[in-house]
Every structure is written in structure tokens, then in C-alpha cells.
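Engineer: Sequence first, then the predicted structure:
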Amino acid sequence: MAGALLEARGISKYFGAITALRDVNFHVGPGEVVGVVGDNGAGKSTLMKILSGLFVPSEGELVFDGRPVSFRSPKDAQRLGIEMVHQDFALAGNMPIYENIYLGREPGWRLGPLTVVDHRRARRMAAEHLNRLKIHVKSIDQNTEDLSGGQRQAVAIARSTAFDAKLVIMDEPTAALAIKEVGKVLDLVRSLKEHGVAVIIISHRMDDIFYCCDRVMALYQGTNFAESPLGTTSRNEVIGWIMGTKGHTQGLAHDNMH
Amino acid sequence: MSDTPATKSGFSLRGPRVSKFLEVYGIVLVVIVMMLALAAIKPEVFLSAQNLTNILKQNASLALLALGMYVVIVTAGIDLSVGSIMGLAMVALAIASKAGVPWPLVLLIGPAIGLMVGWINGVGLTVLKLPHPFIMTLGTLNVARGLTYLISNGAPVSGLQPEVRYIGQAYYSFGMAPPAGIPASLILVAVCAIGLWFFLERTNMGRHIFAIGGNPHAARVSGINVDRTLVVVYMISGFMAGLSGLLLAGRTDSGFPNAGIGIELDAIAAVIIGGASFFGGRGTVLGVLAGVLIMGILRNGLNINNVSAFWQQILIGLVIIIAVYIDVLRRRAAVRR
Ligand SMILES: Nc1ncnc2c1ncn2[C@@H]1O[C@H](COP(=O)(O)OP(=O)(O)OP(=O)(O)O)[C@@H](O)[C@H]1O
Ligand SMILES: [Mg+2]
């Protein structure tokens, strides 16, 4: 795929006897917003964990900016500007908000193999960053276990955008949120796109997909099933893909609501 | 993303601050109250310089073990091998000292053995993917103790070089009349505690250790090398156990093959009494030191009041349960906030 920011070719992933992904192809362009849909267990999270360096694919290769890459850890993907917001947020509940945002990338001074953490700078940077994202919390010193589901989601998103990301992968970022907060997340996705950041967003909600994506692709039982630019598909068609059926069912009332 | 009004908790500013203060320093208050109580009951014995110095000296080895154990417990782990490391270090360095190995090398033997056994613990846990550190360290507990009996033939070794004894025996009187003074071992404990505090609170690896204890999955997706960090954690615990072997050898001028049997449980108890969570991710260095002192003062207080050793053990058991129960209550209050 010419011009793709990140491309996955022929990805398979086995967990023992389980085949989570079989020969999956995927790509995302710079500044593009791709929606990924699929039934529970379709392999969406597994594919994204491979793209973000948490899992190593059993087969297949990744190409970033035209160069083949292989990630041994999320650190390798982060270095290229690939960030992921996990379905379970992946926050350390015993630690404050600001430390979660910079976990693994603490600001400070080198001291041999260690970094002496500049807590004051980390707190200031975190406060500024949350402000920019219009995220309000009582205090950046609050432990994340004391936060609501929506606030945790917000902190996880803040972490994924705290460094100049080129691609942000969001695994069901709206699943835990109230309506008002869903809107905030989706607007954030749009503003990331405006800043040239590519976004992959997994969601079961058609409203999310049709609000902010350029393109939507469906996985079905671990394989590529269908994909289309948003303009040439409909909610019903995408819902059909999730259930493993192709072929258009025209004319349902809510079909053309976006 | 949600707007939480600052007033939501309904507390005045003072409420949370006072409870925060108690959370951090409450354990120190317990130590002070215990000392005041004993000072009131038996002032002439408890407050004597000799007695106070003794408490510090006798608990220095335990303090080192507890500090190392604390780092392991922060990761939600456990290190059962520290008592055996202590014994092995003590006997090995005593034999070397008697054999005339130059004393600077003898000083290194304890910490080196500790680092080695700790490395084996960490690698066994992470590379062999053993299900729980309990198992790996139970294994090394036995291996290290067996080695201790092998190299000593089960017999104590005594008569160490004076330089080797120094750290366990010396004290600085600062013009006070002996036996009053600051034991050198107390200074070693203080240096270790401050170093460990800095490492845990102020360095990235220290923060990663807390993150691993809170949510290992979060640590992994943040790009933290969890396995390598865990190996370092068990090496720190081993190192501290080796040092404590050196202290004990110096204080007793010998190497006992039986030294440190069961002391890993005292170290765990001190860490838990000091307010660290057994489930990882929570605790303070200050709390650990307070936990050691609470156990030490309790034993000392019962001793000077002629309470039998049997009762002492029963009371320490109760204190452990109460300490954990207080932690449970505190956690519940925090959830309600
Ligand atoms: N670490 C793992 N070990 C074993 N099997 C796994 C693992 N992770 C995922 N799987 C399996 O791989 C398949 C795909 O899972 P995945 O989490 O990618 O689905 P998903 O599309 O994200 O589903 P959901 O919508 O429920 O989040 C499932 O059958 C799952 O059980
Ligand atoms: Mg998923």
C-alpha cells in the first residue's frame, strides 16, 4: 500500500491451539481515521496489540513509513510514534494521574542506567497536557483507582497523546463513557486528525464510527471480512459485516441518519 | 473527561490533610506511644542508654532484611530465602576470615552471595516462568541453607578479623559515657534506608517497581521491562540479606550455620506491620523502619517486664493481624471518600 503510515501484511497470531488472526492485512495512512469493527473475539484487540508492539505476530510483517519494522516491546512502537489506549485502560491504580501519564517515559536527569525523576516537572507537564485536552480532574495527584470510569479513560487517552504521536490506537474508547463524555472523546479524535495524527478506533457503536472515521474495516473470526470508505457504506451494511453477512439491506429508517 | 466539582468530597481542606498526615506518619506515632508507655512503666530500665542502644543493635540485621523484603513485597512478591542467604553469607565470610583472606575481600563475600542468590531467584521466576516467587524462593531457602551446613559441616565458626567485626560491633560514643552511643550498624541501616527511599521514590526504576505492584499489565504496555526489573528487585533483597549476614557475623564474632532460620517471617511481619500492602504497590520506607522498631520495642518491653518468650510470640502474632486489619479499615475509608 503506497503512502501508508503503518501497514500489516499477512498477519497471523496463534495462542497455543487458538487462532486469533489468520492472514490479516491492514493499513492506515497519515492523518487517516480508520474504524475497526467485529464481533466479540473477532481479533480486533489482538491485531492492535500487534501494531503497538505488545504482541509479536506469529506470521506476517509490519511496514512503517515504507520500511519493514519489528517490535519487541511497546517501547519500540512508541519510539516510532505509535501509541495505544487499551480496552482495560492499563493504568496503575496505586499511582497518581501524573505518574501514569509518564509511566515508562519519566522526565528527569540521567544517572547511569537510571533516570532521576523530576516529579515537579512531570506534574507541571501533566497539568498542562490535561488542560490542553480539556480534561478536568480534582488533582493530578489523585490515584487513578479513585477515578470514575470516564476519568480513567481520559487519563489513558492523555497518556497516549502526551508525546508527539503519529498514530493513536484506541480500543473501545467510548465503551465505559456517559453520552457527554463520548462526544468529548470523538471530538478529540477529530482534533487529532486535524493535527495530522492518524487514529485507529475500535468500536461497537455505529455512531462513533460514522461520526469520525474516514474508512471502516471489519474483522470476522480472525480474518479480513470487508472494508470501505465511509461515504460508500451504511450503518446497516457495517452491522451486517459484524454479523458475518455481506450484501446491502437498503432503506431502513436510521440508515441514512448521519 | 468528567467535570468533578472540587467540593464533591464534602470535606474541608483540613480533613483530607489530617488523614493524609496520619496515613504517612501514624505508624511513627505508634512507635512513640509504645516508647512513652514503656518509659512510664519501667523508666530506669527501658530508658537506660544500654537498653536503647541494645534495641537498635539487635534489630539492625532485621531492619536490613525488612528493607529488602519491602522492595519485593511492593511488587506483590515474597522472598523466603533471605534468612538462608543471611546464614550462608555469615558462615562463608566467617570461614574466609579465619582462613586469612584479606579483609576487604571478606567484606564483599556477604553482599556478593546475596546478589548471586537474588539473581537466581529473579531469573528462575521470570525465565522459567515459575508461577509464584513463593516457590522459587522456597527452593533457594533450602539450597542456601544446605550449602551453609555443607561448607561448615554444621559447626559454628568463630574468631573474625577485627575489620570484619567493625560494622557489627563498633559504636560512636560522641562524648557520651559508654555503653551509650550510636552503633555503626545503625548508620549502615540509615544509609541503606535513605538510599532505598531515593531509589524507590525518585528514580524511574523505583517507580516502575511500584507500577508492577499496582498493575503488571499496565507496566508492560508502558514499555517497562518487567522481567528485568523483577530480577533487580530480588537482587536488592538478596544484597540486603547478605549485608545483614555481615552485620550479624560482626556483632557475634562468628558464623552460625543455624543463623537466620525463620527470620524471613519476622522481616515479612515488620513490612506488613509497617503498613505495606501484601498485595503490592503500597508502602513506605519509613513505615518499614517503624515496623521493625515496633517488633523490637515490643519484644524488649516484654523482656524487661519479664513476660515469657511464649507470650511474646503470641502478642507479635496479634499485632500482625491488627496491623493488617487497620490497613483494611483505612482502605475501606478511602473507598468511601
Ligand atoms: N493472551 C491471549 N491468550 C490466549 N488467547 C487469547 C489471548 N488474547 C486473545 N485471545 C483470543 O483471541 C481471540 C481474539 O481476541 P480479541 O481480544 O482480539 O477479540 P476482540 O475482537 O478484541 O473482542 P472484544 O470485542 O470482545 O474486545 C479470542 O478468541 C481470544 O480468546
Ligand atoms: Mg477487544
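Structural biologist: Yes, it's here. Residues are numbered from 1 along each chain as shown, chains lettered A, B, ... in the order given. Ligands and ions are numbered 1, 2, ... in the order given.
Engineer: which regions of chain B lie under the pLDDT threshold?
Structural biologist: Across chain B, the ranges flagged by pLDDT under 70 are B:1-20, B:178-179, B:334-337.
Engineer: so how far is stretch A:191-207 off the chain centroid?
Structural biologist: Distance of stretch A:191-207 from the chain centroid (C-alpha atoms, centre = their mean, to the nearest Å) equals 8 Å.
Engineer: who touches it?
Structural biologist: Applying C-beta atoms under 8 Å, 6 or more residues apart in numbering or on different chains, the contact partners of stretch A:191-207 are A:5-6, A:28-37, A:44-45, A:48, A:51, A:87, A:161, A:165-175, A:182, A:189, A:208-209, A:212-213, A:235, A:238-239, A:242. To be clear about C-beta, it is placed using only N, CA and C from the backbone, and glycine gets the same treatment.
Engineer: Any idea which residue of the stretch 51-200 of chain A lies closest to ligand 2?
Structural biologist: For the stretch 51-200 of chain A, the residue closest to ligand 2 is residue A:87, as judged by C-beta to the ion, at 4.9 Å.
Engineer: who touches that residue in this structure?
Structural biologist: Residue A:87 makes contacts with A:45, A:171-172, A:175, A:202, as judged by C-beta under 8 Å, 6+ apart.
Engineer: Which of those residues fall within helices?
Structural biologist: Of these, the ones assigned to helices by DSSP state H are residue A:45.
Engineer: Now the two most distant members of the contacts of residue A:87.
Structural biologist: Taking C-beta to C-beta as the measure, those span a maximum distance of 11.8 Å, between A:45 and A:175.
Engineer: Compare these two (neighbour count), which wins?
Structural biologist: Taking neighbours as other C-beta atoms under 10 Å in any protein chain shown, residue A:45 and residue A:175 compare with residue A:45 leading, 22 against 15.
Engineer: related to what we said a few turns ago, could you find the closest non-adjacent residue to the residue of the stretch 51-200 of chain A closest to ligand 2?
Structural biologist: Among residues not flanking residue A:87 along the chain, residue A:171 sits closest, at 4.2 Å (C-beta to C-beta, 6 or more residues apart in numbering or on different chains).
Engineer: which residues in chain A form helices?
Structural biologist: Applying DSSP H to chain A gives helices spanning A:44-51, A:74-79, A:97-102, A:119-132, A:149-160, A:179-194, A:206-212, A:235-242.
Engineer: Mind giving me the packing neighbours of the third one?
Structural biologist: Okay, so that is helix A:97-102. If you count contacts as 3 or more C-beta pairs under 8 Å, 6 or more residues apart in numbering or on different chains; DSSP states H and E, helix A:97-102 packs onto helix A:119-132, helix A:149-160.
Engineer: Throw those into JSON lines and include distance to residue B:64, mean pLDDT and mean neighbour count, thanks.
Structural biologist: Below are these laid out as JSON lines (distance: least, C-beta to C-beta, whole Å; pLDDT from 0 to 100; neighbours: other C-beta atoms under 10 Å in any protein chain shown):
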{"stretch": "helix A:119-132", "distance to residue B:64": "27", "mean pLDDT": "96", "mean neighbour count": "16"}
{"stretch": "helix A:149-160", "distance to residue B:64": "37", "mean pLDDT": "92", "mean neighbour count": "24"}
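Engineer: Give the buried residues for stretch B:85-104.
Structural biologist: Neighbour-count burial for stretch B:85-104 flags B:85-98, B:101, B:103 (criterion: 16 or more other C-beta atoms under 10 Å in any protein chain shown).
Engineer: if I pick the residue in the stretch 1-150 of chain A positioned nearest to ligand 2, what's in contact with it?
Structural biologist: Of all residues in the stretch 1-150 of chain A, residue A:45 sits closest to ligand 2, at 3.1 Å by C-beta to the ion. Neighbouring residues of residue A:45 by C-beta under 8 Å, 6+ apart: A:87, A:171, A:202.
Engineer: Can you name the residues of chain A that neighbour ligand 1?
Structural biologist: Contact residues (C-beta under 6 Å from any ligand atom) of chain A with ligand 1: A:15, A:18, A:20, A:38, A:40-46, A:87.
Engineer: All the strands of the stretch 1-150 of chain A, residue numbers only.
Structural biologist: Under the criterion DSSP state E, counting those that start in this stretch, the stretch 1-150 of chain A contains strands at A:6-15, A:18-28, A:33-37, A:59-64, A:67-69, A:82-85, A:108-111, A:114-117.
Engineer: Contacts (any at all) between ligand 2 and the third one?
Structural biologist: In other words, strand A:33-37. No: using C-beta under 5 Å from the ion, strand A:33-37 stays clear of ligand 2, coming no nearer than 9.7 Å.
Engineer: hey, C-alpha coordinates of that strand in PDB?
Structural biologist: Written as PDB, here are the backbone C-alpha positions of strand A:33-37 (Å, rounded to 0.1, in the frame of the first residue of the first chain):
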ATOM      1  CA  VAL A  33      -9.100   7.800  10.900                       C
ATOM      2  CA  VAL A  34      -9.900   4.100  10.500                       C
ATOM      3  CA  GLY A  35     -12.700   2.400  12.300                       C
ATOM      4  CA  VAL A  36     -12.300  -1.300  13.100                       C
ATOM      5  CA  VAL A  37     -15.400  -3.400  13.800                       C
END
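Engineer: any idea of the mean pLDDT for it?
Structural biologist: Strand A:33-37 carries an average pLDDT of 97.
Engineer: the inter-axis angle of it versus strand A:18-28?
Structural biologist: 160 degrees (axes from the mean of the first three to the mean of the last three C-alpha atoms, to 10 degrees).
Engineer: what helices or strands is strand A:33-37 leaning on?
Structural biologist: Applying 3+ C-beta pairs under 8 Å, 6+ apart, we find strand A:33-37 packed against helix A:44-51, helix A:179-194, strand A:198-202, helix A:206-212, strand A:215-220, helix A:235-242.
Engineer: need these in CSV with mean pLDDT, can you?
Structural biologist: Listed next are the helices and strands packed on strand A:33-37 as CSV, based on pLDDT from 0 to 100:
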stretch, mean pLDDT
helix A:44-51, 97
helix A:179-194, 89
strand A:198-202, 97
helix A:206-212, 93
strand A:215-220, 96
helix A:235-242, 92
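Engineer: Nearest to residue B:331 among those would be which one?
Structural biologist: helix A:179-194 (27.7 Å).
Engineer: any idea what sits nearest residue B:199, other than its immediate chain neighbours?
Structural biologist: Among residues not flanking residue B:199 along the chain, residue B:206 sits closest, at 4.8 Å (C-beta to C-beta, 6+ apart).
Engineer: buried set for stretch B:223-237?
Structural biologist: Within stretch B:223-237, the residues scored as buried using 16+ other C-beta under 10 Å are B:223-226, B:229-237.
Engineer: the helices in the stretch 101-250 of chain B, which residues?
Structural biologist: Ranges of helices within the stretch 101-250 of chain B are B:103-126, B:133-152, B:162-169, B:184-202, B:204-214, B:216-221, B:226-252, based on DSSP state H, counting those that start in this stretch.
Engineer: Which one of those helices lies nearest to ligand 2?
Structural biologist: helix B:216-221 (13.7 Å).
Engineer: Neighbours of the residue in the stretch 1-150 of chain B that ligand 1 sits nearest to, how many?
Structural biologist: Closest to ligand 1 within the stretch 1-150 of chain B is residue B:129: 14.2 Å, counting by C-beta to the nearest ligand atom. Residues lying near residue B:129 (other C-beta under 10 Å) number 8.
Engineer: repeat for residue B:146
Structural biologist: Counted with other C-beta under 10 Å, residue B:146 comes out at 12.
Engineer: Distance check, it against residue B:292.
Structural biologist: The spacing between residue B:146 and residue B:292, counted by C-beta to C-beta, to the nearest Å, is 28 Å.
Engineer: Equivalent analysis for residue B:171, please.
Structural biologist: For residue B:171, the distance to residue B:292 (C-beta to C-beta) stands at 19 Å.
Engineer: Could you do residue A:105 as well?
Structural biologist: 35 Å.
Engineer: Return the residues in contact with residue B:127.
Structural biologist: Taking C-beta under 8 Å, 6+ apart, we find residue B:127 in contact with residue B:227.
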